[in-house]
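Chemist: sequence and computational prediction follow.
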Amino acid sequence: MDKYRVTLTAEERAELERLVSAGKAAARKLTHARILLLADASDRDERPDTAIVQALGASLRTIARVRQQFVTEGIQAAISRGPQPPRPDKVKIKGDVEQRLVQLACSEPPRGRCHWTLQLLADELVVLGLSKSISTETVRQALKKTTSGRGSWRRGACHPRPTPSTSGAWRT
């Protein structure tokens, strides 16, 4: 692995020291600022990565990554968190499959069951051939993000059905 040499200017050093001394930033940002200050080669006290690991408790890989980002992209990229890359493959239920899932959840449950469970819904999607395999958590997230109607104050795919009282008690 190539080792990138961090050389801070006086302004960059002052900015990082001000950031660290204030302590009013995200922990990750403060840790990366401390890494840059300890790895600074313009100082006579340039520390090896193992000493930085012991001083800050960060991993060697984190220190190497911060060094590389500073040298290749600049100080802001090294201390600030960048946007996460889009993950289009993460969404397994979309479009027609999601619509069919909501229809299933709002329909009558299978015979012998009083309501749909997440596992039953996931199994039904596989049986219908809408998905090769699907977890109950994926089904839960898909149902949670849908609302059953405009102006609905409740979250979820469908409203619970009122269950008749079996107690024979008061009726109002």
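Modeler: It's in.

Chemist: next, the buried residues of the one helix or strand residue 66 maps to.
Modeler: Residue 66 is located in helix 60-73, with elements delineated by DSSP states H and E. Neighbour-count burial for helix 60-73 flags 62-70 (criterion: 16 or more other Cβ atoms under 10 Å). Bear in mind the C-beta positions are built from the backbone N, C-alpha and C, glycine included.

Chemist: C-terminal to that helix, what's the next element?
Modeler: helix 75-79.

Chemist: other SSEs contacting the helix or strand following that next one?
Modeler: Using DSSP H and E, the helix or strand that follows helix 75-79 in sequence is helix 96-106. Counting contacts by 3 or more Cβ pairs under 8 Å, 6 or more residues apart in numbering; DSSP states H and E, helix 96-106 packs against helix 118-127, helix 136-144.

Chemist: which among those helices is found nearest to residue 95?
Modeler: The stretch from those with the least distance to residue 95 (Cβ to Cβ) is helix 136-144; that distance is 11.1 Å.

Chemist: helices or strands next to that closest one in the packing?
Modeler: So helix 136-144, by 3+ Cβ pairs under 8 Å, 6+ apart, packs with helix 96-106, helix 118-127.

Chemist: okay if I get those as CSV plus mean neighbour count?
Modeler: Below are the helices and strands packed on helix 136-144 laid out as CSV (neighbours: other Cβ atoms under 10 Å):
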stretch, mean neighbour count
helix 96-106, 17
helix 118-127, 16
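
Chemist: mean pLDDT added to the ones you listed, as a markdown table?
Modeler: Formatted as a markdown table, the helices and strands packed on helix 136-144 follow (pLDDT from 0 to 100):
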| stretch | mean pLDDT |
| --- | --- |
| helix 96-106 | 90 |
| helix 118-127 | 92 |
